[in-house]
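Enquirer: sequence and predicted structure below; questions after.
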Amino acid sequence: MSQFTQAGPPARAGLPGGPLLTAKRRPGEAVIQGLLIASALLSVAITFGIIVALVEPVIHFFGQVPLGDFFSWTDQGSKDLRPAVLPLLLGTFMVTVIALALAIPLGVGAAMYLSEYATRRTRAWLKPTVELLAGVPSVVYGFFAVFFLTPTVLNGWLGLDVSFTNSLAAGILVGVMIIPTIASLSEDALSAVPQALRQGSLAMGANRMQTSLRVVLPAAISGVAAAVVLGMSRAVGETMIVALAGGSAKNTSPDVGEGHQTMTAFIAQTAQGENPVGTASYNMLFAVALLLFLVTLIINAISIVIVRRYRQVY
Amino acid sequence: MTIHSPTSTTDEILDVTDRTEAVNNGDASDLARTAPRGPVMETRDLNVFYGDFHAVHDVNLSFGRHEITALIGPSGCGKSTVLRSLNRMNDLVAGAKVQGSVTYHGEDIYGPKVDPITVRQHIGMVFQKPNPFPKSIYDNIAYGPRVTGMKVTDMDAVVEDALRGAALWDEVKDKLKSPAYGLSGGQQQRLCIARTIATRPDVILMDEPCSALDPIATARIEDLMSELKTEFTIIIVTHNMQQASRVSDRTAFFTARPDETTGNRTGLLVEFNRTQDIFEAPADPRTEAYITGRFG
Ligand SMILES: Nc1ncnc2c1ncn2[C@@H]1O[C@H](COP(=O)(O)OP(=O)(O)OP(=O)(O)O)[C@@H](O)[C@H]1O
Ligand SMILES: [Mg+2]
């Protein structure tokens, strides 16, 4: 074989050891590949680093406070530590549910309109406008909840009797905040559905609504579900709106007209106070943060399972 | 002003006197021979535009009941365009405009009060590339009857009938609940045909239904078409000359002619006749050139 490669005139293409088999080094490609691998690994490393940073103080925390005091509805133990986390979970849960109840129908509805009904011209300006809403700082929404939604809309026009800070207003505005996310990503998923499927449906005498709801939406369901989950993660993690409009007191009542401190609001509000490093109140911040992290992780994991099960491949 | 249902018109059809107007410039005596009696559908001076582009010019065709009509011609001559205008699928193309008339049992499907959805319930369509829905085989078939509000007492029976009608039942009867995407291309295309016949249309339009299939799957679909003809009126676009001569009763040959001023290639109907005549004794030299392979 080696005689072939050493022979002067190029050996016939495809012969073993012929010119096709000479390995060419492409250093540029190796560099690019290295950079890409590095950036992929970096995000994994950062996530991992965050977990490690969270876990260490949490271990200390559970040395200082019994697990039962943490997973409790009422604060027990010493006066300056208020370790009960379940009311915070309830607050987060209520705000998230209200936000999703608003944002899923409106977000997916907007996406359906943009992808299935709007003319190309309408879509050309409407979609960017919706996406622009995603850029509104959440403090603005929080402000809006406290100074307009609660006093003017809820208590004024609707004649409700809600407190100054309440989960309803906070949930509604968190919902408004995540509508663009859900709408924009769902629209991407819906527009990616092949035109042939719509034509197939319409050619059978289905109308547009039936085509959108029974063919296009199911075909895009994994993308739409991913959009909803991302919106949900943002709702769970939203801090500024709930800190301003959702109250700063733990509340175990399911009344949406009252304020409920959420996990994020707890972290933001407690972190502003005196929490010397190593104290139980300092470590508790990390325990709540880890719990928040786990909740988001679980939501994502569940959604992956659901999406796999209901995915329709096209 | 509603579109007649296929069943109620059976008798009316028989009453329709022979049409003797010229089809495509043929003289009247010619026509008794070439034009189908009591056509299910007819086009009169059909012109289709995409924006400013004149895609087809003055097409006059009539489609006989329980016949297979083949539309042939070189690429870009407007066969699909004509086919899509027969069930208003062109409505979905932005900028498409239809002039002239297309009648279904004598009624203009572009009439002001006609609902295109209803038109498509009577005139179904099978596409070039199989496009099953991302649902189970069963749900693909049941979709049409469900959305069109057909009164169905036994959906299982409807599904079975449609699958038998499309010669697919034996291959899929044990996996009705599995996804349609697991089928081969030829099976998917027969599923699409089954899906279409499940809604009991009167006319089935097929746009190159075999062009994505291998010869064996193609032969199966051709056999199927001959069977379906006893129940449906079929209009098929094909590039396959043998296919047209094998399955169709009548053939329309189209070509495209460049406009003197703009250079746009506008499609026109060259010749429409019984398939046998088209292939054995074409009247127009362009037809002859095309079918003998010297053209297009
Ligand atoms: N949606 C559309 N918008 C603009 N022009 C179109 C559109 N569809 C078709 N055309 C044009 O109309 C003419 C006829 O097209 P059509 O698809 O009907 O031809 P065809 O005979 O079916 O060709 P083929 O055999 O390649 O399928 C072509 O010039 C084509 O470019
Ligand atoms: Mg075509």
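Expert: Alright, I've got the coordinates. Owing to the predicted nature of the structure, the values given are computational and were not obtained by experimental measurement. Ligands and ions are numbered 1, 2, ... in the order given.
Enquirer: quick one: pLDDT of the residue nearest to B:Lys129 when sequence neighbours are not counted?
Expert: Spatially, and ignoring its direct neighbours in sequence, B:Lys129 is nearest to B:Ala212 (5.4 Å; Cβ to Cβ, 6 or more residues apart in numbering or on different chains). Every residue, glycine included, has its C-beta placed from N, CA and C. On the pLDDT scale, B:Ala212 is placed at 79.
Enquirer: likewise for B:Phe53?
Expert: At B:Phe53, pLDDT is 89.
Enquirer: same check on the one 4 residues further on?
Expert: Looking at B:His57, its pLDDT is 90.
Enquirer: that one against B:Asn264, yeah?
Expert: No: the criterion here is Cβ atoms under 8 Å, and B:His57 misses it with B:Asn264 at 10.5 Å.
Enquirer: between the two, point out the one with more neighbours.
Expert: B:His57 (20 against 13; other Cβ atoms under 10 Å in any protein chain shown).
Enquirer: buried residues, the helix or strand hosting A:Gln210. List them.
Expert: A:Gln210 is located in helix A:208-210, with elements delineated by DSSP states H and E. Within helix A:208-210, the residues that count as buried by 16 or more other Cβ atoms under 10 Å in any protein chain shown are A:Gln210.
Enquirer: so what's the residue of the stretch 201-314 of chain A found nearest ligand 1 up against?
Expert: Residue of the stretch 201-314 of chain A nearest ligand 1, by Cβ to the nearest ligand atom: A:Leu202 (15.0 Å). Contacts for A:Leu202 (Cβ atoms under 8 Å, 6 or more residues apart in numbering or on different chains) come out as A:Arg208, A:Thr211, B:Met89, B:Leu92, B:Arg120.
Enquirer: is chain B contacted by the helix holding A:Gln210?
Expert: Yes: judged by Cβ under 8 Å from any Cβ of the partner chain, helix A:208-210 and chain B are in contact via A:Gln210.
Enquirer: show me the contact partners of that helix.
Expert: Contacts of helix A:208-210 (Cβ under 8 Å, 6+ apart): A:Glu116, A:Tyr117, A:Ser201, A:Leu202, B:Val147.
Enquirer: any idea of the mean pLDDT in it?
Expert: Rounded mean pLDDT across helix A:208-210 is 92.
Enquirer: check stretch A:179-199 too.
Expert: Per-region confidence: stretch A:179-199 scores 93 on mean pLDDT.
Enquirer: report whether it contacts chain B.
Expert: Yes: Stretch A:179-199 comes into contact with chain B (Cβ under 8 Å from any Cβ), by way of A:Pro194, A:Ala196, A:Leu197, A:Arg198, A:Gln199.
Enquirer: can you tell me the helix or strand for B:Gly38?
Expert: Going by DSSP H and E, B:Gly38 is not in any helix or strand.
Enquirer: wait, it touches B:Phe63, no?
Expert: No: under the criterion of Cβ under 8 Å, B:Gly38 makes no contact with B:Phe63, lying 10.6 Å away.
Enquirer: and stretch A:127-147, which residues are buried?
Expert: Neighbour-count burial for stretch A:127-147, counted by 16+ other Cβ under 10 Å, picks out A:Lys127, A:Val130, A:Ser138, A:Tyr141, A:Gly142, A:Phe143, A:Phe144, A:Ala145, A:Val146.
Enquirer: list the contacts for the nearest residue to the third one once chain neighbours are set aside?
Expert: The shortest distance from A:Ser138 to any residue other than its chain neighbours is 4.2 Å, reached at A:Met240 (Cβ to Cβ, 6+ apart). Contacts here follow Cβ under 8 Å, 6+ apart; on that basis A:Met240 touches A:Pro137, A:Ser138, A:Val139, A:Tyr141, A:Gly142, A:Ala268.
Enquirer: let me have those residues in JSON lines, extended by pLDDT, distance to B:Pro258 and secondary structure.
Expert: Shown next, in JSON lines, are these (pLDDT from 0 to 100; distance: Cβ to Cβ, whole Å; DSSP: H, G, I helix; E, B strand; the rest coil):
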{"residue": "A:Pro137", "pLDDT": "91", "distance to B:Pro258": "60", "secondary structure": "coil"}
{"residue": "A:Ser138", "pLDDT": "89", "distance to B:Pro258": "61", "secondary structure": "helix"}
{"residue": "A:Val139", "pLDDT": "91", "distance to B:Pro258": "64", "secondary structure": "helix"}
{"residue": "A:Tyr141", "pLDDT": "91", "distance to B:Pro258": "61", "secondary structure": "helix"}
{"residue": "A:Gly142", "pLDDT": "89", "distance to B:Pro258": "66", "secondary structure": "helix"}
{"residue": "A:Ala268", "pLDDT": "89", "distance to B:Pro258": "72", "secondary structure": "helix"}
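Enquirer: could I get the residues you listed as a markdown table with distance to A:Val85?
Expert: Converted to a markdown table, these look like this (distance: Cβ to Cβ, whole Å):
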| residue | distance to A:Val85 |
| --- | --- |
| A:Pro137 | 28 |
| A:Ser138 | 23 |
| A:Val139 | 26 |
| A:Tyr141 | 26 |
| A:Gly142 | 23 |
| A:Ala268 | 15 |
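Enquirer: redo those as CSV? Include distance to ligand 1.
Expert: Output for these, formatted as CSV (distance: Cβ to the nearest ligand atom, whole Å):
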residue, distance to ligand 1
A:Pro137, 44
A:Ser138, 44
A:Val139, 48
A:Tyr141, 44
A:Gly142, 49
A:Ala268, 55
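Enquirer: which residues of chain B lie near chain A?
Expert: Residues of chain B found near chain A (Cβ under 8 Å from any Cβ) are B:87, B:89, B:92, B:94, B:117-118, B:120-122, B:124-125, B:127, B:129, B:131-135, B:143-144, B:147-148, B:179, B:181, B:192, B:195-196, B:199.
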